[in-house]
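> I need the structure of the sequence given here:
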Amino acid sequence: MMNIYRLVPVMFLCMISGLNNIYSQNTDLNCRSSEQNKIILQQSSEAQAEYLMHEKFTSDFVENLKKLRNNSTSQASAYIIPVVFHVFGTSFSGQTVTQSKIEQALSVLNEEFQGLNDDFNSVDARFDGVKQFMNIEFRLAQIDPDGNSTSGVMFYGVQNGFGNGSGYDAKIRQYAWDNYKYMNVYIQSDLYNDGGTTNSGVAWYPNTQMSNKNTARVVYNGRYLYGNTDPEFASVLTHEFGHWLNLIHTFEGGCSYPNDQVTDTPPENSSISDNCNPATNCEGNYINHENYMGYNGADGCYKMFTQGQVNRMLAALEHPARKPLWQESNLIATGTSDVGSITVEAPSSLVASAVSSSKIDLTWNDNSNNEEGFSIEQSVNGGSYSQIATVGANTTNYSNTNLAAFTQYSYRVRAYAGSTNSSYSNVASATTLEDSNTYCDISGNTKYEFIKNVSIGSFSYSSSASSSGYEDNTAKVITLSPGANTSVSLSPGFAGRSYTEYWSIWIDYNNNNTFESSERVVSGLSGTGDVNGSFTVDSNASGTARMRIVMKYNSTPSSACGEIGDGEAEDYTVDFSGSGNPDPTVLPAPANVRSAGTYSSGFYAGWDLVDGATSYEVQLFNGTWENEGTSTTYYFWIPKQGNITSYTFRVRARNSEGVSEWSNEFTVNLPVAGPMTSSFNFYPNPSDGQIQFYIPKDRGDFTVEVYNSTGKMVDEVSNQFHYSTQHLTSGIYLLRLRGDGESATKRLIVK
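Have a look, this model is predicted:
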């Protein structure tokens, strides 16, 4: 079906009524999704906005997934989801639910997701070309939230009503296990506490609000577990797990698009279309009656998901409410990892070396091959140890900066993998040098101008005006490679109007505390704004040295000492530990750098794929640029760090031959709670036929005016949430919302 945004139900309630007996199911199925969707959306505009955001992410994800598959024969990653079943009561319309029945039901469900069901190869020939298995396994948790052993199935006294959308949250939270670690499935008999025992199940879409509240769940009737009902009808559990992974009923919306947001499932007139007999829809095309996300298959022919549905579920696994569950560290913590019980070897031969009055370098041997990183702990003057940093796997060094002069520091290091830690390394100690800074003094006047930003190689640092015209930034370390040609970008800041500023840079290569004329590595740069240049690092340079940058108004700085006049100087520490000449630039920089999804818990850094690139390096700016991680696709998840809500990142492409330049920087601001919302939005944009307006329910009457690129109003609609763009010619339009004395304007592109 057409991949066009529609405010589809956030919650799916699949009610099966009128059963004559356990093994003879009536197929007159009803669904409360529309009713429950209205309730959820009215209660939370944040949930509605998050859904819209993830729909856009899903659209981009699927398109890029198709491109990646066209360029690669590799299989998709395998996913493991830890699951806990909470069973309430002992009788489910005369049937029992036991540990072995849960295990059997989950085994059958996994076969159906993986295409191992015995009828997968007998799919209707009309849909055999689009059937698709998913490389995923749902496993019963083996470790509970307290670290104790568990069977993954918990048994309690009778409780009912967890299928309701509200009114039961507090009670659900009493039993829930952490939603960011476990998929919670609740087995009950009366799902809505209304006396009915023939409702099969309910499942919710990915929703960070629900996960934050520990109410994300699947609720299922124990009467319909495998072993308690007809084997085909028991596949309704697979249907519900599909909803948990963001799938919509194939019949949703009937023959009015966009239906279920998947292009390879034909529209269905209603939830029932001749049961397991091939039938045609309103367009005269055959429906996919064997699809797990319809109702027809419950009569005995559930067999398949489509390629489009699997792509949509893969996108759901990237949602912040689902992604943490399948991370290896969580699989280890819940006892569901293929790695099993692991041990991590401790690092050894830790050495601490004082480099200056404010810096100590650490080195150690990496003795493990399975660590995820190293934790570094510090003790000051014999005090207690505390963690000061973590570094990635295979790292064997760390520089501890911003230390006090002539102070003893002791260190120990251990490796970790998930929640498993190695024993500690040996303890290594060093005392920082005395603060014997004998470099010549320099000062300036920053009333009119100052050094705003310094970017050298991959290093970047921004600052404000100093009071004395000199700033000691020697705690900031610039890593250079001996013999490498290194780029320089320098930016002035101004209190008012701009002036022409001149720049010089010195490096004290021989560490004799004097900036000699032969050690001036940059000069001749001038301008009223950013200036760019480069220099070649001395091929014999080693260890560390001091760098001095001088900016002077109206003339070139010829000395690194004394009174500058109008201008400023800054000192930095240089570390010559780089790996020789930098990688050659062989690729174009990634374009369209953006947020591919912004949530209160973090965001997806996004960019356009670069032809020929095999990976992408992502850096965050935190005073200096720091490596955040590597991606092999067009996005990278950056979780919220502490209370920080504003993040600036950049990305560059890489392959075996070299790299690209760094992309443009992009800043993302996280919302205080929930995803970023807007009083006026629409989707999709660009449009190829129809768009859906998102406008808060409490706004009242509204009008949307459509203007072409010449400013002429070409259309106007009032109090409508759907708008067809088929009558508009290709181009750029402005859509203006008017209502309640307010207005907002957004740009629309029509294909």
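> Would you map the strands across the stretch 151-300 of the chain?
Remark: strands assigned in the stretch 151-300 of the chain by DSSP state E, counting those that start in this stretch are 153-156, 183-188, 199-204, 218-221.
> Lys746: which element?
Applying DSSP states H and E as the criterion places Lys746 in strand 742-750.
> distance between stretch 529-536 and the chain's centre?
Relative to its chain's centre, stretch 529-536 lies at 35 Å (C-alpha atoms, centre = their mean, to the nearest Å).
> For it, the averaged confidence score.
Taken as a whole, stretch 529-536 carries a mean pLDDT of 88.
> If you count neighbours, what's buried in it?
By 16 or more other C-beta atoms under 10 Å, the buried positions in stretch 529-536 come out as 531, 533, 535. In short, each C-beta sits where N, CA and C put it, glycine included.
> With only the CA atoms kept, save that stretch in PDB.
C-alpha atoms of stretch 529-536 as PDB (Å, rounded to 0.1, in the frame of the first residue of the first chain):
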ATOM      1  CA  GLY A 529      36.600  36.700   9.400                       C
ATOM      2  CA  ASP A 530      37.700  33.100   9.300                       C
ATOM      3  CA  VAL A 531      41.200  32.500   7.900                       C
ATOM      4  CA  ASN A 532      42.500  29.200   6.600                       C
ATOM      5  CA  GLY A 533      46.000  27.800   6.100                       C
ATOM      6  CA  SER A 534      48.200  24.800   6.700                       C
ATOM      7  CA  PHE A 535      51.700  23.900   7.900                       C
ATOM      8  CA  THR A 536      53.800  20.800   7.900                       C
END
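> ok, residues contacting it?
Applying C-beta atoms under 8 Å, 6 or more residues apart in numbering, the external contacts of stretch 529-536 come out as 483-492, 498, 501, 503, 505, 521-522, 524-525.
> try it again with 6 Å
Contact with stretch 529-536 is made by 485-491, 521-522, 525, as judged by C-beta atoms under 6 Å, 6 or more residues apart in numbering.
> Walk me through which strands the lengthiest strand in the chain pairs with, and which way each runs.
In the chain, with assignment by DSSP state E, the single longest strand is strand 562-575. With DSSP bridges as the test, strand 562-575 is paired with strand 442-445 (parallel), strand 470-479 (parallel), strand 544-553 (antiparallel).
> Okay, now the sheet partners of the helix or strand following it, with direction.
Once the chain leaves strand 562-575, the next helix or strand it forms, by DSSP H and E, is strand 585-587. Strand 585-587 pairs in its sheet with strand 658-660 (parallel), by DSSP bridges.
> buried ones in the strand it pairs with?
With burial defined by 16+ other C-beta under 10 Å, the residues of strand 658-660 counted as buried are 659-660.
> and the next element down the chain from the helix or strand containing Ser523?
Here Ser523, judged by DSSP H and E, is contained in strand 520-527. Once the chain leaves strand 520-527, the next helix or strand it forms, by DSSP H and E, is strand 531-536.
> in its sheet, what does that next one sit against?
strand 485-494 (antiparallel).
> re earlier: quick check: mean pLDDT of the longest strand of the chain?
What strand 562-575 shows for mean pLDDT is 94.
> cool, stretch 137-148 as well?
Average pLDDT, stretch 137-148: 90.
> ditto for stretch 420-436
Stretch 420-436 shows a mean pLDDT of 85.
> Now do that stretch: everything it contacts.
With C-beta under 6 Å, 6+ apart as the criterion, stretch 420-436 contacts 342, 344-348, 350-352, 354, 356-357, 360, 364, 403, 405-408, 410-415.
> And the residues you listed, which of them are buried?
344, 346-347, 350, 352, 354, 356-357, 360, 364, 403, 410-415.
> Which segments of this structure make up each domain?
Using the TED database, the domain ranges for the chain come out as 30-334, 348-431, 442-575, 594-669, 681-750.
> want to throw the ones you listed into a markdown table with distance to Pro588?
Output for the domains of the chain, formatted as a markdown table (distance: least, C-beta to C-beta, whole Å):
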| stretch | distance to Pro588 |
| --- | --- |
| domain 30-334 | 17 |
| domain 348-431 | 28 |
| domain 442-575 | 17 |
| domain 594-669 | 6 |
| domain 681-750 | 23 |
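> that older thread, and the strands of the stretch 151-300 of the chain, which one's lowest on average pLDDT?
In terms of mean pLDDT, the lowest-scoring of the strands of the stretch 151-300 of the chain is strand 199-204 (a mean of 90).
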